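Q: Build me a model from this:
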Amino acid sequence: MKRSEVLQEVRKMRFEEAYGGWKRGRLTQQEAAALLGVCERTFRRYLVRYEEEGMLGLVDRRLGQLSHRRAPVDEVMAVAELYSRRYCGFAVKHCYSWYRRAHGGTRSYTWVKNRLQDRGW
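A: Predicted coordinates:
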């Protein structure tokens, strides 16, 4: 399980405690929000979502989505193929300089290095 998923589960459990205390009148909204580590307004938003959708309303919907900044698969494949066919055995630094200069690459050095390392080169 990823760290973000674990933290989401912890947040759900804490919310159940805070919600129960608030519903029974043991906690104010301010105290319940402090227990969750959020502001009162966020706690009220959680209340509305929880009452409308149940626990599924508290799920972070961003976790299942891919980043809009993620490189297209064909670009990753092109860099890997370029290295394997033309620059095999080159240091990443030299491969990157040719990638930028001769092939018009726009990605950063770290991105190229990480893609090549992912491939085991």
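Q: What about residue 82, how many residues nearby?
A: Burial of residue 82 is recorded as 19 neighbouring residues (other C-beta atoms under 10 Å). C-betas here are computed from N, CA, C, even on glycine.
Q: for this protein, which helix is longest?
A: Counting by DSSP state H, the longest helix found in the chain is helix 3-24.
Q: Show me what that one is packed against.
A: helix 29-36, helix 40-53 (3 or more C-beta pairs under 8 Å, 6 or more residues apart in numbering; DSSP states H and E).
Q: Convert that helix to PDB, retaining C-alpha atoms only.
A: Coordinates of the C-alpha atoms in helix 3-24 are reproduced here as PDB (Å, rounded to 0.1, in the frame of the first residue of the first chain):
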ATOM      1  CA  ARG A   3       2.000   6.100   1.700                       C
ATOM      2  CA  SER A   4      -0.800   8.300   0.300                       C
ATOM      3  CA  GLU A   5      -3.300   5.500   0.600                       C
ATOM      4  CA  VAL A   6      -2.200   4.800   4.200                       C
ATOM      5  CA  LEU A   7      -2.500   8.400   5.100                       C
ATOM      6  CA  GLN A   8      -6.000   8.500   3.600                       C
ATOM      7  CA  GLU A   9      -7.100   5.500   5.700                       C
ATOM      8  CA  VAL A  10      -5.700   7.200   8.800                       C
ATOM      9  CA  ARG A  11      -7.600  10.400   7.900                       C
ATOM     10  CA  LYS A  12     -10.800   8.400   7.500                       C
ATOM     11  CA  MET A  13     -10.400   6.700  10.900                       C
ATOM     12  CA  ARG A  14      -9.700  10.000  12.600                       C
ATOM     13  CA  PHE A  15     -12.700  11.600  10.900                       C
ATOM     14  CA  GLU A  16     -14.900   8.800  12.300                       C
ATOM     15  CA  GLU A  17     -13.700   9.600  15.800                       C
ATOM     16  CA  ALA A  18     -14.100  13.300  15.400                       C
ATOM     17  CA  TYR A  19     -17.500  12.900  13.700                       C
ATOM     18  CA  GLY A  20     -18.700  10.700  16.500                       C
ATOM     19  CA  GLY A  21     -17.500  13.100  19.200                       C
ATOM     20  CA  TRP A  22     -19.100  16.000  17.400                       C
ATOM     21  CA  LYS A  23     -22.400  14.200  16.800                       C
ATOM     22  CA  ARG A  24     -22.600  13.300  20.500                       C
END
